[in-house]
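> Just the structure for this:
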Amino acid sequence: MPQVGLGLWKMPKDVCADAVVNAVDAGYRLFDSASDYGNEQYTGEGLKRVLESGKVKRSDLFVVSKLWNTFHHPDHVKLAVKKSL
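Here you go, the predicted structure:
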């Protein structure tokens, strides 16, 4: 796992996908996100573009998310994880 990654906290939705693509081009392979950041969908869009381009394989990438504190109750975990995925 890479020691340095692109943190996506406060990354605006309108630039997030492009930032992910540019980060892969610059050598980043680790992406740190969370559902509370509000940009996981756009992170995924950027990663999809990168993978479809053939620049890297999925096995080359590390994507980190977090289970937000308000979803720690056992009844909420599965839904939160599905939303992030």
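> C-alpha from now on. contacts and neighbour counts both.
Fine.
> Return, as residue ranges, the portions of this protein with sub-threshold pLDDT.
Scanning the chain for pLDDT under 70 picks out nothing.
> can you give me the strands for it?
Ranges of strands in the chain, per DSSP state E, are 6-7, 30-32, 62-64.
> Just list what the first one packs against, helices and strands only.
Which is strand 6-7. strand 30-32 (3 or more Cα pairs under 8 Å, 6 or more residues apart in numbering; DSSP states H and E).
> Who are the packing partners of the strand it packs on?
Using 3+ Cα pairs under 8 Å, 6+ apart as the contact test, the elements touching strand 30-32 are strand 6-7, strand 62-64.
> on that earlier part again, just name the most buried of the strands of the chain.
strand 30-32 (a mean of 20; mean count of other Cα atoms under 10 Å).
> one step back: pipe the helices and strands packed on strand 30-32 into JSON lines and attach distance to Lys13 per row.
Output for these, formatted as JSON lines (distance: least, Cα to Cα, whole Å):
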{"stretch": "strand 6-7", "distance to Lys13": "14"}
{"stretch": "strand 62-64", "distance to Lys13": "17"}
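> how about those, which one is nearest Ala34?
With Cα to Cα as the criterion, Ala34 lies closest to strand 62-64 of those, at 7.6 Å.
> That'll do, ta.
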